[in-house]
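> What shape does this take:
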Amino acid sequence: MSAVSRPGHPDGWVATSEDLVVGFSGVLDNVVELAAAWIRESPTRGPTTPVDVVAAGIRTVGVDATASRMRGVFAVVASDGRRLWAFRDQLGLHPLAYGEDAAGLFIGVEPKEVVAGSGVAPEPDMEVVTRIFYGSEETDLRCAIAGVSVIPPSTILEATFGGMTFRRYWNPESLLETTRLGPTDLRDAFDRLMTQAVGRCLDGSDVVSLSGGLDSPAVAAFAAPLHAAGSLEPLSALSAVYPDLPSVDETRYIEAVARDLGLQLHTYRPTARPTDGLRKWARLFDAPVPVVGFSQVAEFLHSARELGFRNVLSGEVEEFVFEMRREVLSHLVRHGRFASAWKHARARRALDISWSSMLRRVAYTFTPIKARSMLRRLHRRPSSELPLWLVEGVERFRPPPPPPSWRTDQLAAFGGSGITLSADDMIHELMGVRERRPFADIDLWEFALGLRAEVKHGDPRPKSLIRELLRGRVPSVVLDRRDKTVFDAYIRSNTDYPELRKWLVDPPGPPVSGVRYDLLRRRLEGETMTLHEYMWAKDLASVHAFLSLWENPRTERP
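I've put the predicted structure just below:
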């Protein structure tokens, strides 16, 4: 595993001793707490580093207990000469890949490092690439480069001369609905854990990525007083504004938050298009990453760096922590909590949801799994938004959605490959600006997992719990807004048909199974794609930009 640090932002270390070698990459948020528990005397070579703490933990309490107590965004590889261990953070925010060949086991932060170490000639894994395109990559731990896989989040890879095994060191499912908190205790616990989560993310070179929604203002509301305690300057915020697109622009909400919290607001007008630099990103990520427009992410990070910031706080992943709310009523009925189910049903009825529709949903969740599958097959219809050039592929390769379940939704963020999160980490490393997500703090997430369904989602309206927990901290104009920002107009204004044709008319690499390229070509030439169709085409262009990395260099595209 590589251990390279940027000047002023160390994030990679290696520690060696007679009995143990440890490599650490990333950020260890609770380094002081763990050092106090595991290191009796300070190392003679200087300040305690994360790798010192990890090494001390492995010696003191073992690998599993060390990993489970670590907080932050990290990857670790360690060996005592007989065994090798590798693991990354609980959510898989930090990438970590591995591969095997006749020479042994190779581990690297990025797939390209594994390939370089093993000496195997790289080539795309078309089965994985196809799954990425059709939206099932999160359940696949193989990488888009053949022979390379990712180590699952919350999992320890242990290798010996006899083979390799995997085991979980953190199990979120065991935490579900394990706490009983009243309204006062609930707010106190949230305030304490959110303050801790935000405090862990601040490093003195901070800016909040601020929108007019609820998540990033929540982060700013906790960060502003913590920042003020250690600085004479107000906390800064950076926002994208769209004055020419009223349906997209959130300036009035952003300015209200900045004014109320005393933030120093910086703004910029985005100009990057989603299709800019597709080949560059494919080369960086070793994969075609769907949905996200990384050229736009890079533009934001460049703006932050130009202003002198190196640490961005965002409100990302809040939805996974507090907002996964499907089938609450069915869950309460299934577990015999009928009083809570009746209260929840009455609240849904007040929102004009009919009794009959609620009864049908509850009945469906009690239908045997085989019968549910049969019903889905009988009623399966191609989406009206689905491009004609993609219908065959979606029917063949896109997996059916799992049966709806409140419990499944609570665990939706765990266990997959985390391809988008890993790509995020790589682009931040490239741009020299670290992104921190306070809502991804594991102590805060454990608190949310422990809440009973009727507490977490007692009010069926979106973001109801987090709104109440933030009441008095975030301006009411944001908490009580009812309009929703839609970015359709911005995406349409940045549609680049020439760039799409470059990748999709006579595309490089093998064709993706299930795509009717003849029909796609006509749609590209007509330049009348729907927004949904354009997003599919953009992701397919990303796939072929990735496949172009294996073209003959003399015919290589720009």
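
> Domain boundaries for this structure, per the record?
Following automatic domain parsing, the chain resolves into domains at 12-171, 174-321+416-479, 326-410, 488-555.

> Reformat the ones you listed as JSON lines; add mean neighbour count.
C-beta: built from backbone N, CA, C; applies to glycine. Below are the domains of the chain laid out as JSON lines (neighbours: other C-beta atoms under 10 Å):
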{"stretch": "domain 12-171", "mean neighbour count": "19"}
{"stretch": "domain 174-321+416-479", "mean neighbour count": "19"}
{"stretch": "domain 326-410", "mean neighbour count": "14"}
{"stretch": "domain 488-555", "mean neighbour count": "17"}
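
> what's the least confident stretch among the ones you listed?
Ranked on mean pLDDT, the bottom entry among the domains of the chain is domain 326-410, at a mean of 81.

> In space, what's closest to the residue nearest the centre of the chain - neighbours in sequence excluded?
In the chain, the residue lying closest to the centroid (C-alpha atoms, centre = their mean) is residue 421, at 4.2 Å. With C-beta to C-beta, 6 or more residues apart in numbering as the criterion, residue 421 has its nearest non-adjacent residue at 5.2 Å, and that residue is residue 93.

> so who does that neighbour touch?
Taking C-beta atoms under 8 Å, 6 or more residues apart in numbering, we find residue 93 in contact with 73, 418, 421, 424-425, 437, 440.

> Restricted to helices, list those.
If you go by DSSP state H, the contacts of residue 93 have 421, 424-425 in helices.

> Dump the residues you listed to CSV, plus distance to residue 462.
As requested, the ones in helices among the contacts of residue 93 are arranged in CSV below (distance: C-beta to C-beta, whole Å):
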residue, distance to residue 462
421, 23
424, 24
425, 29
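
> from these, which single one is nearest residue 247?
In terms of C-beta to C-beta, no member of the ones in helices among the contacts of residue 93 lies closer to residue 247 than residue 424, at 26.7 Å.

> ok, the closest one to residue 307 distance?
Separation of residue 424 from residue 307 (C-beta to C-beta, to the nearest Å) stands at 20 Å.

> and what of residue 167?
Taking C-beta to C-beta, one finds residue 167 at 44 Å from residue 307.

> Ramachandran coordinates for residue 13?
With angles defined as degrees, to the nearest 10, residue 13 sits at phi -140, psi 160.

> who are the neighbours in contact with the nearest residue to it once chain neighbours are set aside?
Take residue 13 and drop its neighbours on the chain: the residue closest to it by C-beta to C-beta, 6+ apart is residue 51, 3.8 Å away. By C-beta under 8 Å, 6+ apart, the contact set of residue 51 is 13-15, 22-24.

> So which of those residues are in strands?
Of the contacts of residue 51, the ones assigned to strands by DSSP state E are 13-15, 22-24.

> I'd say residue 409 and residue 326 touch.
Yes. Contact criterion C-beta atoms under 8 Å: residue 409 and residue 326 qualify, at 5.1 Å.

> Now for the two: what residues contact both?
By C-beta under 8 Å, 6+ apart, no residue touches both residue 409 and residue 326.

> host element of residue 284?
Assigning secondary structure by DSSP states H and E places residue 284 in helix 278-285.

> Show me what that helix packs onto, helices and strands only.
Packing partners of helix 278-285 (3 or more C-beta pairs under 8 Å, 6 or more residues apart in numbering; DSSP states H and E): helix 419-431, helix 531-547.

> right, and the helix or strand after the host helix or strand of residue 219?
In this structure, residue 219 sits in helix 215-228 according to DSSP H and E. As assigned by DSSP H and E, the chain's next helix or strand after helix 215-228 is strand 236-240.

> now for that next one, which elements pack on it?
strand 206-209, helix 251-261, strand 264-268, helix 294-306.

> What lies in contact with it?
For strand 236-240, contacts defined as C-beta under 8 Å, 6+ apart pick out 206-211, 220, 250-251, 254, 257-258, 263-270, 300, 303-304, 307, 309, 312.

> Can you list the strands that that strand pairs with?
For strand 236-240, sheet partners with direction are given as strand 206-209 (parallel), strand 264-268 (parallel), following DSSP bridges.

> Where is the longest helix in this protein?
If you go by DSSP H, the chain has its longest helix at helix 183-201.

> How about residues contacting that one?
29-30, 71-72, 181, 218-219, 222-223, 226, 311, 313, 436-439, 441, 443-444, 447, 451, 455, 469.

> Relative to residue 432, how far out is the nearest residue to residue 431 once chain neighbours are set aside?
Once flanking residues are discounted, residue 431 sits nearest to residue 301: 4.0 Å by C-beta to C-beta, 6+ apart. Using C-beta to C-beta, residue 301 is found at 8 Å from residue 432.

> One more: residue 322?
Computed as C-beta to C-beta, the residue 322 to residue 432 distance reads 31 Å.

> And residue 363, by the same measure?
Distance of residue 363 to residue 432, computed by C-beta to C-beta: 55 Å.

> likewise residue 444?
For residue 444, the distance to residue 432 equals 27 Å [C-beta to C-beta].

> Likewise for residue 514?
To residue 432, residue 514 is 40 Å away according to C-beta to C-beta.

> now residue 485
Applying C-beta to C-beta, the value for residue 485 to residue 432 is 29 Å.

> tell me which of the ones in strands among the contacts of residue 51 is nearest to residue 119?
Ranked by distance to residue 119 (C-beta to C-beta), the ones in strands among the contacts of residue 51 are led by residue 23 at 20.6 Å.

> beta partners of the closest one?
If you apply DSSP bridges, the partners that residue 23 bridges to are residue 14, residue 77.

> now do residue 264
residue 236.

> Make CSV out of the strands paired with strand 236-240 and add distance to residue 404.
Shown next, in CSV, are those (distance: least, C-beta to C-beta, whole Å):
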stretch, distance to residue 404
strand 206-209, 32
strand 264-268, 40
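
> Alright, I will stop here.
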